[in-house]
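[1] From the sequence below, what's the structure:
(chains A, B, C and D)
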Protein chains: 2
Amino acid sequence: MIEERRERADAARNRRAILRATEDLLARHRPEQISMEQVAAAAGVGKGTVFHRFGSRMGLMVALMQERAYALEEAVASGPPPLGPGAPPEERLIAFLDAIVDVVGRNKGLLAALGHAATAAPRPEWKEHGEHRDEDGDHPVYRFWHGHTSALIAARRPDLDGELLAHILLGSLQSEPVLRLLERGEAKRLAASLRVMASGMLTAPALA
Amino acid sequence: MIEERRERADAARNRRAILRATEDLLARHRPEQISMEQVAAAAGVGKGTVFHRFGSRMGLMVALMQERAYALEEAVASGPPPLGPGAPPEERLIAFLDAIVDVVGRNKGLLAALGHAATAAPRPEWKEHGEHRDEDGDHPVYRFWHGHTSALIAARRPDLDGELLAHILLGSLQSEPVLRLLERGEAKRLAASLRVMASGMLTAPALA
DNA sequence: TGTCGAACTTGACCGCAGGTCCACTTTACC
DNA sequence: GGTAAAGTGGACCTGCGGTCAAGTTCGACA
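    Got it, this is the predicted structure:
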């Protein structure tokens, strides 16, 4: 693919300003309570600019999430074990879940917002803005998380429905009560229970 | 408590009409995509009536959910095993999860709407309309589900964090991908995987 | 059966947030 | 410097959740 036109300097500056402002707001409020006008004001740009760059409310959240998730993605693909390749699936899964709890914990409900992508009835056609939702309605970040999780499950227990189990595991991070927990700073507690679920699952009796 | 004034006949008729209309709409659309005006129109009443009866969008969903959940609540409290009392916790848990999947499966995303109760910033004071959200922000229906689930877990594995594990188990039913599965009619598959999770959890190695 | 107050109904109306639009400004390449 | 493409801003549109005050219906009781 031929080199795409580079992003203009001012545009890049604003993009970062918006992202940063959103981050700030996100540290204090749930994603659903943050209005785009607020974001624009906080970033010191016009509302139109925000929409121009990110297409929609969801687009913004998604972009932020992507940024956050990037490091993790790297670590998984080529970092040191147990997160990276090399360790046994069981340990990798646990490490991965811990890492995700960490990311989610730092971004109150961002995942939830992500999950609710389907909520906003998407306009018929999508601008060329960055990411689209693929035919399954999932976003690349979730895609990756889910893919990795289910692969690890399958590696250890090919007899189980790894796909679904991964959805269940990850999905639990979107629920209100769990989010509330995270807000209270009990990430460790969450991670511990997820570990129980994961290892229990991997050692579960064969299908009944 | 002294006998409350009986509901007027026309009011009762309208209440049922609204509930029924909502049910219909819910069979075809996600709760977030249904507007109150739509409901009102479908029920053949004014928008004001809907709000008068149910207080808010959430109130409506909640009322519907409650209706659906009632039978289950009965069955658990005093029905025959394995759902009702008598069977060992493990079996009761599995039976309960199956039942919940069934209820949720029949009401696309109602649970999700419930979970997102916190979304709509509640008005300072609540009218006397039916249910309020208690200080924890959870609704009675979820309360019951969670209470029962965590009690069953604790009965078998007092060493685990039953409270949280119950949230995780139930929370997974709110996630988009899982909901999508349900919409495709794969309730059985979901139930099977939940069973794996539950029994795996109950037989998981002691805390590390 | 007639009367009367409470319960109920209604739809116009409010405020707000997401998203669109387009006239205007800035950038970067020549 | 000139110029076309990229970027910007904010007025504006739309549709939604929720309110309200004026009008209507019910049903208890005489």
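[2] How about the residues of chain A by DNA strand C?
    A:6, A:8-10, A:34-37, A:47-48, A:51-52, A:55-58, A:120, A:123 (Cβ under 7 Å from any atom of the strand). Backbone N, C-alpha and C define where each C-beta goes, glycine included.
[3] Just the buried residues of these.
    Buried members of the residues of chain A next to DNA strand C, scored by 16 or more other Cβ atoms under 10 Å in any protein chain shown, are A:34, A:36, A:51, A:55, A:56, A:57, A:58.
[4] Quick check: the farthest pair among those?
    Between any two of these, the greatest separation by Cβ to Cβ is 16.2 Å, found for A:34 and A:55.
[5] okay, now the domains of chain A?
    A:7-54, A:56-202 (automatic domain parsing).
[6] got a markdown table for those domains, with distance to residue B:16 too?
    Listed next are these as a markdown table, based on distance: least, Cβ to Cβ, whole Å:
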| stretch | distance to residue B:16 |
| --- | --- |
| domain A:7-54 | 32 |
| domain A:56-202 | 29 |
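[7] thinking residue A:99 is in contact with residue A:73, fair?
    No. The pair residue A:99 / residue A:73 is not scored as a contact, 10.3 Å apart, by Cβ atoms under 8 Å.
[8] any shared contact partners between these two?
    Here residue A:99 and residue A:73 share no contacting residue, scored by Cβ atoms under 8 Å, 6 or more residues apart in numbering or on different chains.
[9] about what we covered before: out of the domains of chain A, deepest packed?
    Stretch with highest mean neighbour count among the domains of chain A: domain A:56-202 (a mean of 19; mean count of other Cβ atoms under 10 Å in any protein chain shown).
[10] that older thread, which one of the domains of chain A lies nearest to residue B:194?
    With distances scored as Cβ to Cβ, the stretch of the domains of chain A nearest to residue B:194 is domain A:56-202 (7.2 Å).
[11] do the closest one and DNA strand D meet at all?
    No. Counting by Cβ under 7 Å from any atom of the strand, DNA strand D is not contacted by domain A:56-202; separation bottoms out at 9.8 Å.
[12] do you know how far residue A:90 is from residue B:13?
    From residue A:90 across to residue B:13, the span is 59 Å (Cβ to Cβ, to the nearest Å).
[13] Repeat that for residue A:148.
    54 Å.
[14] In terms of secondary structure, what does the top helix by length along chain A contact?
    Looking across chain A with DSSP state H, the single longest helix is helix A:57-78. Counting contacts by 3 or more Cβ pairs under 8 Å, 6 or more residues apart in numbering or on different chains; DSSP states H and E, helix A:57-78 is packed against helix A:9-28, helix A:36-43, helix A:47-54, helix A:89-106, helix A:110-115, helix A:140-156.
[15] wait, is residue A:167 part of a strand?
    No. Counting by DSSP: H, G, I helix; E, B strand; the rest coil, one finds residue A:167 to be helix, located in no strand.
[16] Just to check, it is in contact with residue B:171?
    No. At 11.9 Å, residue A:167 does not count as touching residue B:171 under the criterion of Cβ under 8 Å.
[17] residue ranges with poor pLDDT in chain A?
    Applying pLDDT under 70 to chain A flags residues A:1-5, A:108-138, A:206-208.
[18] For it, which residue gets nearest to DNA strand D?
    residue A:48 (1.8 Å; Cβ to the nearest atom of the strand).
[19] now the angle from the strand or helix carrying residue A:195 to helix B:187-202?
    Using DSSP states H and E, residue A:195 sits within helix A:187-202. On the basis of axes from the mean of the first three to the mean of the last three Cα atoms, to 10 degrees, helix A:187-202 is oriented at 110 degrees to helix B:187-202.
[20] Could you list the alpha-carbon positions for helix A:187-202 in CSV?
    This file holds the C-alpha atoms of helix A:187-202, laid out as CSV (Å, rounded to 0.1, in the frame of the first residue of the first chain):
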residue,chain,number,x,y,z
ALA,A,187,-8.3,-4.7,41.2
LYS,A,188,-6.3,-7.3,43.1
ARG,A,189,-9.4,-9.0,44.4
LEU,A,190,-10.8,-9.1,40.9
ALA,A,191,-7.6,-10.5,39.5
ALA,A,192,-7.6,-13.2,42.1
SER,A,193,-11.1,-14.3,41.3
LEU,A,194,-10.5,-14.3,37.6
ARG,A,195,-7.5,-16.5,38.3
VAL,A,196,-9.7,-18.9,40.2
MET,A,197,-12.2,-19.0,37.3
ALA,A,198,-9.5,-19.5,34.7
SER,A,199,-7.6,-22.2,36.5
GLY,A,200,-10.8,-23.9,37.6
MET,A,201,-12.0,-23.9,34.0
LEU,A,202,-8.8,-25.4,32.7
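[21] For that helix, name the packing helices and strands.
    Packing partners of helix A:187-202 (3+ Cβ pairs under 8 Å, 6+ apart): helix A:89-106, helix A:140-156, helix A:162-171, helix A:176-183, helix B:162-171, helix B:187-202.
[22] Make TSV out of those and add distance to residue B:105.
    Formatted as TSV, the helices and strands packed on helix A:187-202 follow (distance: least, Cβ to Cβ, whole Å):
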stretch	distance to residue B:105
helix A:89-106	27
helix A:140-156	21
helix A:162-171	14
helix A:176-183	20
helix B:162-171	14
helix B:187-202	4
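[23] right, so of these, which gets closest to residue A:79?
    Here helix A:89-106 is closest among these (Cβ to Cβ), at 10.0 Å.
[24] what does stretch A:148-161 rub up against?
    With Cβ under 8 Å, 6+ apart, stretch A:148-161 has contacts from A:76, A:89-90, A:92-93, A:96-97, A:162-163, A:165-166, A:169-170, A:201-202, A:204, A:206-207, B:189, B:192-193, B:196.
[25] switch to 7 Å and redo it
    By Cβ atoms under 7 Å, 6 or more residues apart in numbering or on different chains, the surrounding residues in contact with stretch A:148-161 are A:76, A:89-90, A:92-93, A:96, A:162-163, A:165-166, A:169-170, A:202, A:206-207, B:189, B:192-193, B:196.
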